[in-house]
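# This is the structure alone, sequence omitted:
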């Protein structure tokens, strides 16, 4: 019979506490960098038109498809302990490039820069977070992951709160008083650059060694399509891929329904940007509470299975609420509940599962799942909504059509959890 721990906090010695603090700060600045840009990305989605969103999501997926083999080739050839340095430095250069383009571009040029920035933001957000977790799952084993990943995730939540607070200050104190087109991207991109530089500093602690595989620094080898091959041939990795496709499809479907409600609620770009930022500020402290007090306790005591099947129940409730009560309050409630579950519990659980994979898969297949596979789910969700609306289905009625997929994710989650026990 499985023993039940009565303590909400795992036992941590002094050496572990120092390492945990560095991981906490590392993730804090990674998500601070991204969440300062996230409300701007959401506002660009509204301005671009909800019907055009599937095309942008398709662009994101294609970008992921192009970048993943390049990433796999890179990690096959370079010193594995320098992967975070190389990838984050690349994205910092990208941020500087967008900053420069915005500064020198004409009004028409800024339109195209904004579209490119929307696509790039999605690539950026998934890669910087995925590479962070690559560092974590190669440093901690599964036992330590159950103890620490919730607390480490809390560092990300605080960083998200800090970044979204910066964005909200901008949208409420600057936007509307000055030109958002002139100052928005400049202000927030500079903040993101400095945050990612600080994250790089804390990443040093996870370059030198790995608890799960001895000394770091070796060349991984393999091919640029290793991740794609393994996701096809390995049943556990394949089901993890299906699980991520389903949850991102359902998240995107929910997001597109909510954008329609938000657009009907307000025509003011500044008010909408502030609303998106306010959701981040509601989500973050509640997610933080779960990560600090509940995630480790639940992973250690109830295990992976109940967590992996819970998404179906949550999505059934979410889509039913949209169909029956299409209000801004419902948008807030659904966004808060789904995001808390994802970042507070489901994401740490998936990363815990990743710690048991072979090293090639930890570096390649997990990144493929968290980037291209996840973005494929977005595309499927986007075209799912657009296709039904184009066929004459009322947007809110799409909620009922999504219910079978909500049930399916619980079934796939059950298979993943059972496979991981073998």
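Perfect, thanks for sending it. Treat the numbers as computed from the prediction; the structure is a model and nothing was measured. Residues are numbered from 1 along each chain as shown.
# Residue 335: what secondary structure?
For residue 335, the reduced secondary structure class is helix; criterion used: DSSP: H, G, I helix; E, B strand; the rest coil.
# OK, contacts around it?
If a contact means Cβ atoms under 8 Å, 6 or more residues apart in numbering, then residue 335 has 258, 279, 283 as its contacts. Every residue, glycine included, has its C-beta placed from N, CA and C.
# Is it possible to get TSV of these that adds pLDDT?
Converted to TSV, the contacts of residue 335 look like this (pLDDT from 0 to 100):
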residue	pLDDT
258	88
279	85
283	82
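# So which of those wins on neighbours?
The most crowded member of the contacts of residue 335, judged by other Cβ atoms under 10 Å, is residue 283 (24 neighbours).
# Who are the contact partners of it?
Taking Cβ under 8 Å, 6+ apart as the definition of contact, the neighbours of residue 283 are 160, 335, 336, 339, 340, 343.
# Nearest residue to residue 199 in space, ignoring adjacent ones along the chain?
residue 29 (3.8 Å; Cβ to Cβ, 6 or more residues apart in numbering).
# Of the contacts of residue 283, which is the nearest to residue 152?
Of all these, residue 152 sits closest to residue 343, with 11.7 Å by Cβ to Cβ.
# Let me know the secondary structure of the closest one.
Put simply, residue 343 is helix when judged by three-state DSSP.
# what about it, neighbour count?
Other residues within reach of residue 343 by the criterion other Cβ under 10 Å amount to 23.
# Might you report the residue contacts of it?
With Cβ under 8 Å, 6+ apart as the criterion, the residues that contact residue 343 are 153, 156, 157, 283, 287, 291.
# Centre of the chain to stretch 287-305, how far?
Relative to its chain's centre, stretch 287-305 lies at 19 Å (Cα atoms, centre = their mean, to the nearest Å).
# quick one: average pLDDT of that stretch?
Mean pLDDT, taken over the full extent of stretch 287-305, equals 86.
# Just the terminal-to-terminal distance for that stretch.
20 Å (Cα to Cα, to the nearest Å).
# change the start of the numbering to 888 and stick with it
Okay, residue one is now 888; in that scheme the one you just asked about reads as stretch 1174-1192.
# Show me what counts as buried in the helix or strand harbouring residue 1274.
Take DSSP states H and E as the rule and residue 1274 turns out to sit in helix 1261-1277. Neighbour counts over helix 1261-1277 (16 or more other Cβ atoms under 10 Å) mark 1261-1273, 1275-1276 as buried.
# Residue 1036 contacts residue 1238, doesn't it?
Yes - counting by Cβ atoms under 8 Å, a contact exists between residue 1036 and residue 1238, whose distance comes to 5.7 Å.
# Mutual contacts of the two, please.
residue 1023.
# Counting neighbours, go ahead and name the busier of these two.
Neighbour tally, residue 1036 and residue 1238, criterion other Cβ under 10 Å: the higher count belongs to residue 1036, 27 against 23.
# Contacts only, for that one.
When contacts are counted by Cβ under 8 Å, 6+ apart, residue 1036 touches 1023, 1027, 1182, 1183, 1186, 1235, 1238, 1239.
# part of a strand, is the fifth one?
Read that as residue 1186. No - secondary structure of residue 1186, determined by three-state DSSP: helix, with no strand assignment.
# Compute the number of surrounding residues for it.
Here the count is done by other Cβ under 10 Å, and residue 1186 has 22 residues near it.
# ok, now how distant is it from residue 1165?
30 Å (Cβ to Cβ, to the nearest Å).
# With the second one instead?
Using Cβ to Cβ, one gets 34 Å for the distance from residue 1027 to residue 1165.
# try the first one
With distances taken as Cβ to Cβ, residue 1023 is found 30 Å from residue 1165.
# Am I right that residue 918 is in a helix?
Yes - Residue 918 forms part of a helix when assessed by three-state DSSP.
# what secondary structure does the nearest residue to it once chain neighbours are set aside sit in?
If you skip the residues right next to it in sequence, residue 918 has residue 1046 as its closest partner in space, 3.8 Å away by Cβ to Cβ, 6+ apart. Counting by three-state DSSP, the backbone at residue 1046 sits in helix.
# any idea which element the residue nearest to the spatial centre of the chain lies in?
Averaging the C-alpha coordinates of the chain gives a centre point, and the residue nearest to it by Cα atoms, centre = their mean is residue 1013 (5.5 Å). Element membership of residue 1013 [criterion: DSSP H and E] is helix 994-1024.
# Flag every buried residue along that helix.
Of the residues in helix 994-1024, those buried under the neighbour-count criterion (16+ other Cβ under 10 Å) are 997, 1000-1002, 1004-1024.
# Let me know the angle separating it from helix 1261-1277.
130 degrees (axes from the mean of the first three to the mean of the last three Cα atoms, to 10 degrees).
# ok so, going back, of all the buried residues of helix 1261-1277, which comes closest to residue 992?
Lowest distance from residue 992 to the buried residues of helix 1261-1277 (Cβ to Cβ) belongs to residue 1262, with 26.5 Å.
# if you average pLDDT over the helix or strand encompassing residue 1043, what comes out?
Following DSSP H and E, one finds residue 1043 within helix 1029-1056. Looking at helix 1029-1056 alone, the average pLDDT works out to 85.
# Was I right to think residue 1242 contacts residue 1033?
No - using Cβ under 8 Å as the test, residue 1242 is too far from residue 1033 to be in contact (9.3 Å).
# Settle this for me: residue 1019 is touching residue 915, isn't it.
No - contact between residue 1019 and residue 915 fails when scored by Cβ under 8 Å: they sit 10.6 Å apart.
# so what sits against both of those two?
If you check residue 1019 and residue 915 against Cβ under 8 Å, 6+ apart, the residues they both contact are residue 1086.
# ok so, going back, kindly reformat the contacts of residue 1222 as TSV containing secondary structure and distance to residue 900.
What follows is the contacts of residue 1222, written out as TSV (DSSP: H, G, I helix; E, B strand; the rest coil; distance: Cβ to Cβ, whole Å):
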residue	secondary structure	distance to residue 900
1145	helix	44
1166	helix	38
1170	helix	32
